[in-house]
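Undergrad: Here is my input; please provide its structure:
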Amino acid sequence: MTVAVRPLKRKKSAADPADLLAWYDRHRRVLPWRARAGRKADPYAVWLSEIMLQQTTVKTVGPYFTKFLTRWPTVEALAQAPLDDVLRAWAGLGYYARARNLHACARAVVERHGGIFPADLDALRALPGIGDYTAAAVGSIAFDLPAVPVDGNVERVVTRLYAVEQAMPAAKPEIKRLAASLLPPRRSGDFAQSFMDLGATICSPKKPACVLCPWNDACMARARGDQETFPRKAPKREGKQRFGAAFVALRADGQKNLEVLLRQRPEKGLLGSMTEVPGSDWAHDFDLKTALDAAPLKAKWRKLGGEVTHVFTHFPLRLTVYVAELPRGTRAPKGARWAKVSGLTGEALPTVMRKVLSAALD
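TA: Model (predicted):
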């Protein structure tokens, strides 16, 4: 008689926070906003970097962070700065509501807390532009409060570690619960940064370096061999294509320097308070035949070949660009102004408008 013997399952060890912290002590990234080992973090630098890093890469943020910290070394200095100056310095980082909230938050820290960031999660969450994630990041990293900030890197690590089958974004509450369950009794700030570093350098979206991971024996997805499939994602709904027209009006001033007509977008809504060239509304059913109705001035408008394309978070955009040369002395219409082309780098122009100007001026 043959007896079937079931193979013994290898017992997986639980993820130990001490293992991750030991790995972090050896391999922590050197970042402009990160305090050196054994040094206390600057809450202002932590907060500034966390706002900038939302939806943006570390590589992109580095120069902006250094520029901001040089120009406005304290939260008081940032609070006193004109919003237009902050928006100009922010131009190119995208998601411009963050810049407006950054300025509003700096003012609130000065007005409500005497220029000192509060070492309290609820008080941090009450500040403009600070949600659960940023409060947890600033609270843990700057003040060692018991919180785990869950960003995309942490989500990826946790979903693989526990093989979370639920698709994003519905899985977020469960991921937060699991991440919080790993929080050690000490070194909350280092633990938060170690979690982020693990996802950024080892537990990458594709081809994760599992053999180097301090939690590889505890990772359920690695044991199954399907770690690259996590986190699970629901089918992405792409926004409906929008169309519009942009008008680049040019004139020569008295010194024969070229100037371009600019205006400021409304404070509320997409790209609020940013600078743009005049244009039409962006609509799904935009009719190119009526595009010139939106022209800011009467002129001989020349339509450029091709289109300028840009993809926002919720929809793709295609703009038809028109160019006209106006006589010297032409007055700007109400709500617009003439700006020197040579000084455009200092304007608060979002990326889509820089694309439009590049197409017209090249």
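Undergrad: going forward, measure contacts between C-alpha atoms and count neighbours the same way
TA: Fine.
Undergrad: any idea how far Gln54 is from the closest residue to Ile51 other than its chain neighbours?
TA: Once flanking residues are discounted, Ile51 sits nearest to Arg98: 6.8 Å by CA to CA, 6 or more residues apart in numbering. To Gln54, Arg98 is 9 Å away according to CA to CA, to the nearest Å.
Undergrad: repeat for Ala192
TA: 16 Å.
Undergrad: domain parsing for this structure?
TA: For the chain, automatic domain parsing gives the domain ranges 17-229, 242-361.
Undergrad: Now do the SS call for Phe195.
TA: helix (DSSP: H, G, I helix; E, B strand; the rest coil).
Undergrad: sorry, that was for Val321
TA: strand.
Undergrad: who's more crowded, Ala192 and Gln54?
TA: Ala192 (24 against 17; other CA atoms under 10 Å).
Undergrad: Verify the stated contact: that one with Pro149.
TA: Yes. Between Ala192 and Pro149 there is a contact under CA atoms under 8 Å: 6.4 Å.
Undergrad: overlap in contacts of these two?
TA: Common contact partners of Ala192 and Pro149 (CA atoms under 8 Å, 6 or more residues apart in numbering): Ala137, Ser140.
Undergrad: Tabulate the domains of the chain (a markdown table), appending distance to Lys236 and mean pLDDT.
TA: Below are the domains of the chain laid out as a markdown table (distance: least, CA to CA, whole Å; pLDDT from 0 to 100):
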| stretch | distance to Lys236 | mean pLDDT |
| --- | --- | --- |
| domain 17-229 | 10 | 95 |
| domain 242-361 | 11 | 92 |
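Undergrad: tell me the most buried of those domains?
TA: Comparing the domains of the chain by mean neighbour count (mean count of other CA atoms under 10 Å), domain 17-229 ranks first with a mean of 18.
Undergrad: can you give me the offset of it from its chain's centre?
TA: Between the centre of domain 17-229 and the centre of its host chain there is 12 Å, according to CA atoms, centre = their mean, to the nearest Å.
Undergrad: now the end-to-end length of that domain.
TA: End to end - CA to CA - domain 17-229 spans 24 Å.
Undergrad: Could you do stretch 331-340 as well?
TA: Terminal-residue distance, stretch 331-340 (CA to CA): 14 Å.
Undergrad: Run through who's touching it.
TA: Asn257, Leu258, Glu259, Val260, Leu261, Leu262, Arg263, Gln264, Pro296, Leu297.
Undergrad: Name the single longest helix found in this protein.
TA: helix 97-113 (DSSP state H).
Undergrad: Only alpha carbons, please: show it as PDB.
TA: Extracted in PDB, the C-alpha atoms of helix 97-113 (Å, rounded to 0.1, in the frame of the first residue of the first chain):
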ATOM      1  CA  ALA A  97      -2.100  73.400  -6.800                       C
ATOM      2  CA  ARG A  98       0.800  72.100  -4.700                       C
ATOM      3  CA  ALA A  99       2.700  75.400  -5.100                       C
ATOM      4  CA  ARG A 100      -0.400  77.400  -4.000                       C
ATOM      5  CA  ASN A 101      -0.900  75.100  -1.100                       C
ATOM      6  CA  LEU A 102       2.800  75.300  -0.200                       C
ATOM      7  CA  HIS A 103       2.600  79.100   0.000                       C
ATOM      8  CA  ALA A 104      -0.700  78.900   2.000                       C
ATOM      9  CA  CYS A 105       0.800  76.300   4.400                       C
ATOM     10  CA  ALA A 106       3.900  78.400   5.000                       C
ATOM     11  CA  ARG A 107       1.700  81.400   5.900                       C
ATOM     12  CA  ALA A 108      -0.400  79.200   8.200                       C
ATOM     13  CA  VAL A 109       2.600  77.800  10.000                       C
ATOM     14  CA  VAL A 110       3.700  81.400  10.700                       C
ATOM     15  CA  GLU A 111       0.300  82.700  11.700                       C
ATOM     16  CA  ARG A 112      -0.900  79.700  13.700                       C
ATOM     17  CA  HIS A 113       2.300  78.300  15.100                       C
END
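Undergrad: from now on call the first residue 22
TA: Let's use 22 as the start, then, which means that last one is helix 118-134.
Undergrad: in the stretch 172-321 of the chain, which spans are strands?
TA: Taking DSSP state E, counting those that start in this stretch as the test, the strands found in the stretch 172-321 of the chain are 263-273, 279-285, 296-297.
Undergrad: between the ones you listed, which gets nearest to Val332?
TA: Across these, Val332 has its closest neighbour in strand 263-273 (9.9 Å, CA to CA).
Undergrad: list the helices and strands the closest one packs on?
TA: strand 279-285, strand 337-347, helix 372-382 (3 or more CA pairs under 8 Å, 6 or more residues apart in numbering; DSSP states H and E).
Undergrad: Those: which one's closest to Ala36?
TA: strand 337-347 (41.7 Å).
Undergrad: Paired strands for that closest one, with orientation please.
TA: Paired with strand 337-347 in the same sheet, following DSSP bridges, are strand 263-273 (parallel), strand 323-324 (antiparallel), strand 329-332 (antiparallel).
Undergrad: Mind listing residues that contact the shortest one?
TA: So that's strand 323-324. Thr341, Val342, Tyr343, Val344, Ala345.
Undergrad: what does the model give Lys32 for pLDDT?
TA: Looking at Lys32, its pLDDT reads 44.
Undergrad: any chance you could map the helices in the stretch 22-171 of the chain?
TA: Along the stretch 22-171 of the chain, counting by DSSP state H, counting those that start in this stretch, helices occupy 38-48, 64-74, 79-92, 96-101, 104-111, 118-134, 142-146, 153-164.
Undergrad: how about those helices in TSV, adding distance to Asp218?
TA: Listed next are these as TSV, based on distance: least, CA to CA, whole Å:
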stretch	distance to Asp218
helix 38-48	8
helix 64-74	14
helix 79-92	11
helix 96-101	27
helix 104-111	25
helix 118-134	23
helix 142-146	23
helix 153-164	13
